[in-house]
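Participant: output the structure for:
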Amino acid sequence: MLIQFNNITKIYEIGTVKVEALRGITLQIDKNEYVAIMGPSGSGKSTLMNILGCLDTATQGDYFLNKNNVSEMDDDQLAEIRNREIGFVFQTFNLLPRATALHNVELPLIYNGTPASQRKKLAKDALGKVGLADRMHHKPNELSGGQRQRVAIARALVNNPSIILADEPTGNLDSRTGDEIMEIFEDLHELGNTMIVVTHEEYIAEHSNRIIRLRDGLVERDEAKHGS
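Facilitator: Residues are numbered from 1 along each chain as shown. Predicted coordinates for the structure are as follows:
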């Protein structure tokens with residue numbers, strides 16, 4: 001088992017008002033699963049993603065990632081586990097505008113102290129996996145939206161993380177380009193990566209093998225798809 005949530009609750013205090021974003025979520029995700037997390041606005045899916053990605057911590061409950069109890073970690077430990085265990089893909093790409101594709105992909109390796117000689121090779125390999133070996137010296141403004149998202153996926157891959165966590169990864173792309181990105185996700189899953197995609201689009205969720213549907217901070221349905 002890769003991920004275990006035990007009774008995860010998240011309460012935000014806004015002035016004197018308490019908002020219960022997650023109301024006791026228990027679930028597990030195994031290695032090499034491909035999971036979509038869905039739900040309407042206010043269902044808790046963004047909060048769940050932030051806790052999964054160690055960007056936020058639960059108010060109550062335990063979160064185990066690769067047997068590490070994330071709930072008990074301080075900010076420095078959380079930053080380290082994010083860098084080591086999780087590759088993020090965001091809707092807005094989050095690339096450095098003045099840096100080449102290669103340098104953007106190298107960034108997580110710079111943060112974790114990988115030697116320069118290894119960094120270039122690992123970054124080139126990751127760009128090759130997303131079909132961008134011939135664009136590595138281009139800057140983001142010289143690339144299409146789909147190519148920029150491929151750079152972001154390569155950056156997520158470069159550390160060989162335990163999870164690829166994607167938040168609305170096709171939200172800024174046209175449907176044809178979005179389909180291409182989802183094909184890359186399927187290829188990465190075939191290579192053994194654990195994929196978690198947060199989306200409100202049914203056609204994006206259909207690429208996964210399991211759909212977890214949230215409503216009002218609870219798991220409404222958790223369905224494995226036939227043939228997966």
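Participant: quick one, what contacts Pro97?
Facilitator: Counting by Cβ atoms under 8 Å, 6 or more residues apart in numbering, Pro97 makes contact with Lys139, Pro140, Asn141. No exception for glycine: its C-beta is placed from N, CA and C like everyone else's.
Participant: neighbours around the second one, how many?
Facilitator: By that I understand Pro140. Other residues within reach of Pro140, judged by other Cβ atoms under 10 Å, total 19.
Participant: can you check Met195 too?
Facilitator: The local packing of Met195 (other Cβ under 10 Å) involves 22 other residues.
Participant: and if you look at the one 10 residues further on?
Facilitator: By the measure other Cβ under 10 Å, the count of residues near Ala205 is 20.
Participant: Thr16 now?
Facilitator: As a measure of burial, Thr16 has 5 neighbours, counting by other Cβ under 10 Å.
Participant: show the pLDDT at the closest residue to His103 other than its chain neighbours.
Facilitator: Of all residues beyond its chain neighbours, the one nearest His103 is Leu96 (7.2 Å), with distances taken as Cβ to Cβ, 6 or more residues apart in numbering. In this prediction, Leu96 carries a pLDDT score of 95.
Participant: if I look at Leu96, how far off is Asn141?
Facilitator: 11 Å (Cβ to Cβ, to the nearest Å).
Participant: what do you get for Pro108?
Facilitator: 22 Å.
Participant: where does the residue nearest the centre of the chain sit, in terms of helix or strand?
Facilitator: Computing the C-alpha centroid of the chain and ranking residues by Cα atoms, centre = their mean puts Leu165 first, at 1.2 Å. Under the criterion DSSP states H and E, the helix or strand holding Leu165 is strand 163-167.
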